[in-house]
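Asker: Turn this into a model:
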Amino acid sequence: HDWKKCDKLKKHKEKQRKEKSDSKKDKPDGKQESAHSTFASDSHQEQVRAEFFLDTCASSHMVPSPDLVQNYQSLCGRSVNSSSREEMEISGKGIVVLDCKLEDSSISTVRFNDVLVVPSLDVPLISWSKLSLLGLYFIGKGKLITVYNHDGSVLFHAIRDKSRFIFKILLSNESAFSSY
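Answerer: Numbering: from 1, shown residues only. Predicted coordinates for the structure are as follows:
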């Protein structure tokens, strides 16, 4: 693949320059994940209809379909390695907004930036290590992991899945807390 002749890359860079200049006005919080808690009427979950997993081994936030991201940007010639060392192509990136259910039945809306679109991925993954690098912290009790923002507010909860390394993120359309 010749990078200098890649039409997708040229179009992408041109679009990126335009979006960058347009978004400087609209981007108060830079590239960090952000969250706010609400009591549900303004739900983003209509757009995201998939299970998301907090993965302790993932190096980046990743989804298998561009339908799961907002502001999709196509990428050329990039890849990531799976845990089995399989090289997986990255087709693009975008933003994912999740409405996560908290223990008190409130909703925490969490925005994940720079989410990679990896078509050969089985399930959407949120990277534990990327969140750690941003200064977020985690407290676990039993099968439940709670992810906290810098200010100590709860961002979301996740329940241990069948794997020891993956936790299912509780979204607003689920009722896992009533089953404890």
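Asker: Looking at the chain, which strand is longest?
Answerer: strand 87-101 (DSSP state E).
Asker: Report all helices and strands that it contacts.
Answerer: If you count contacts as 3 or more Cβ pairs under 8 Å, 6 or more residues apart in numbering; DSSP states H and E, strand 87-101 packs onto strand 70-81, strand 107-117, strand 154-160. Every C-beta, even on glycine, is put in place using the N, C-alpha and C of the backbone.
Asker: Sketch out the helices for this structure, chain order is fine.
Answerer: Shown for the chain, the helices assigned by DSSP state H span residues 7-23, 128-133.
Asker: ok, F156 touching C100?
Answerer: Yes: at 3.7 Å, F156 counts as touching C100 under the criterion of Cβ atoms under 8 Å.
Asker: in the longest strand of the chain, what's buried?
Answerer: Within strand 87-101, the residues that qualify as buried are 88, 90-101, counting by 16 or more other Cβ atoms under 10 Å.
Asker: how far away is C57 from V110?
Answerer: To V110, C57 is 20 Å away according to Cβ to Cβ, to the nearest Å.
Asker: I meant V63, not that one.
Answerer: V63 sits 14 Å away from V110, going by Cβ to Cβ.
Asker: so where's this protein uncertain?
Answerer: 1-49, 163-165, 173-180 (pLDDT under 70).
Asker: Looking at C57 and V110 now, which is surrounded by more residues?
Answerer: Neighbours were counted for C57 and for V110 using other Cβ atoms under 10 Å; V110 has more, 24 against 13.
Asker: My guess is the more buried one contacts V154. True?
Answerer: No: using Cβ under 8 Å, V110 is not in contact with V154, being 10.3 Å away.
Asker: hang on, the earlier thing: and the longest strand of the chain, C-alpha only, in CSV?
Answerer: Taking Å, rounded to 0.1, in the frame of the first residue of the first chain, the C-alpha atoms of strand 87-101 are listed here in CSV:
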residue,chain,number,x,y,z
GLU,A,87,-3.3,-8.2,13.2
MET,A,88,-6.6,-6.5,12.8
GLU,A,89,-7.2,-3.7,10.4
ILE,A,90,-8.6,-0.3,11.7
SER,A,91,-11.1,1.2,9.3
GLY,A,92,-11.7,4.4,11.2
LYS,A,93,-12.4,6.1,14.5
GLY,A,94,-15.0,8.2,16.2
ILE,A,95,-16.8,9.0,19.4
VAL,A,96,-19.0,6.7,21.5
VAL,A,97,-21.5,8.1,24.0
LEU,A,98,-23.0,5.7,26.5
ASP,A,99,-25.8,6.2,29.0
CYS,A,100,-24.7,4.0,31.9
LYS,A,101,-27.0,3.0,34.7
